[in-house]
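S.K.: Build me a model:
(one chain, ligands or ions: 1)
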Amino acid sequence: MDKHQKSPLKTALTEHGVSRRDFLKFCAIMAGTLALPAGFTPKIARALESAKRPAVVWLEFQDCAGCTESLLRANRPTVAELVLDTLSLNYHETIMAPSGKRAEKSLADTVAEGGYLTVVEGSIPTVDDGIYCCIGGRTALDIMKEVAAHSAAIITVGACAFYGGWPATTPNPTGAKGVKDVVSGVPIVNLPGCPFNVDNLTATVVHFLTFGSLPAVDDLGRPLFAYGRRIHDNCERRGHFDAGEFVQAWGDEGHRKGWCLYKMGCKGPVAFHNCPTLRWNEGLSWPVGAGHGCIACAAPNFWESPAYEPVPIHQLTPPSTYPDAEAAAEGLSPAAAGLIGAAAGLVVGAAGAVAAQRLGKEKEEE
Ligand code: SF4
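M.R.: Modelled structure (predicted):
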């Protein structure tokens, strides 16, 4: 790009009246979301400002379109949306302007160019040659394989594209599968959830634009920055769990006081997701915050697990030192678990202090 030419993102920020300060704040939040040191903020800012518009193909198969709703959820343009707008969304059946043959031509032209990012929403039917989901006369299976073969990387969004979701529940009449079960040879990162949280897509895209690669993932292909920590260990009701204060019935006194929802079937002790810290609706709340237990919607087969039955865990009232639930379950002594928790708290606290110092310095420099 010509150095005097404004990047698409810079133009969009100017047009929407987003200040440099707000943009840098967004980059700092992205560094935090990606679990990067605060020092990465300027690198992220430079990468976003100079990034070319990567082409994106968004495929939607067997689903409820909830993940597309999640994508479109914000009611005002935020910096995060402007960053997503810098993507060249060449094909998305639900929101693209062209239709019919012209829509299919957009897809064919993008595939011919190659090197694009593919986002997949929905599961892929595989029985009877995949005839239960056809678009433009072709099966989802056929489209998925062709689009994947020319992709730089694939990002799956939601439970359905992850392992099949609700279309794959017993008896799974269409043989619904997730992307990882029908595609190989292309890097895949999974952003499960029902629906997925669009802020995790923003962070994944920011990582891709900054480092030219997808973020590190766990053994289910989920990025560690978003799915590396247990919900229970970051839950605002955790103090009540530790104190043995549980909701016993919907609407009882404990429920009104915001006590722990474990006995109402909350899956927080076995679920990994950044819901408690990222939250939903522009950071307003999240299911447990609103009074309903976690249903572990980012876990495989969650649609088949009983939502209101408590999950087995080692002990109901661990000490008040906030030990990691898994460590406690594996037999680590409460004192050792508490020390690890305290050390982790110190590291997080120190990182926060450094970030605050840096932000203060930026303010002075401004
Ligand atoms: S069981 Fe659920 S509500 Fe209770 S502290 Fe854990 S995550 Fe929060």
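S.K.: so which helix or strand takes in Arg21?
M.R.: Here Arg21, judged by DSSP states H and E, is contained in helix 20-33.
S.K.: Tell me the residue of the stretch 101-250 of the chain that sits nearest the ligand?
M.R.: Cys235 (3.1 Å; CB to the nearest ligand atom). The way it works is simple: take the backbone N, C-alpha and C, and place the C-beta from them, glycine included.
S.K.: got the contact list for that residue?
M.R.: Residues in contact with Cys235 (CB atoms under 8 Å, 6 or more residues apart in numbering) are Phe241, Gly268, Pro276, Val288.
S.K.: Within range of the ligand, give me the residues from this structure.
M.R.: 231-232, 235, 237-238, 241, 260-262, 266, 268-269, 288, 293-294 (CB under 6 Å from any ligand atom).
S.K.: how does it look with 5 Å?
M.R.: For the chain, the contact set with the ligand under CB under 5 Å from any ligand atom comprises Ile231, His232, Cys235, Arg237, Arg238, Phe241, Cys260, Leu261, Tyr262, Cys266, Gly268, Val288.
S.K.: my guess is the last one meets Tyr262, correct?
M.R.: No - between Val288 and Tyr262 there is no contact under CB atoms under 8 Å: 10.4 Å.
S.K.: residues shared between the contacts of the two?
M.R.: Gly268.
S.K.: Can you give me the distance of whatever residue of the chain ends up closest to the ligand to Ala161?
M.R.: Nearest residue of the chain to the ligand (CB to the nearest ligand atom) works out as Gly268 at 2.1 Å. Using CB to CB, to the nearest Å, Gly268 is found at 24 Å from Ala161.
S.K.: Could you check which of these two has the larger neighbour count?
M.R.: Ala161 (33 against 30; other CB atoms under 10 Å).
S.K.: In contact with the more buried one, which residues?
M.R.: Contacts of Ala161 by CB under 8 Å, 6+ apart are Phe61, Asp63, Val120, Glu121, Gly122, Ser123, Gly178, Val179, Asn190.
S.K.: ok, 10 Å please
M.R.: Contact analysis of Ala161 by CB atoms under 10 Å, 6 or more residues apart in numbering lists 59-63, 67, 119-124, 144, 154-155, 177-180, 188, 190-192, 196.
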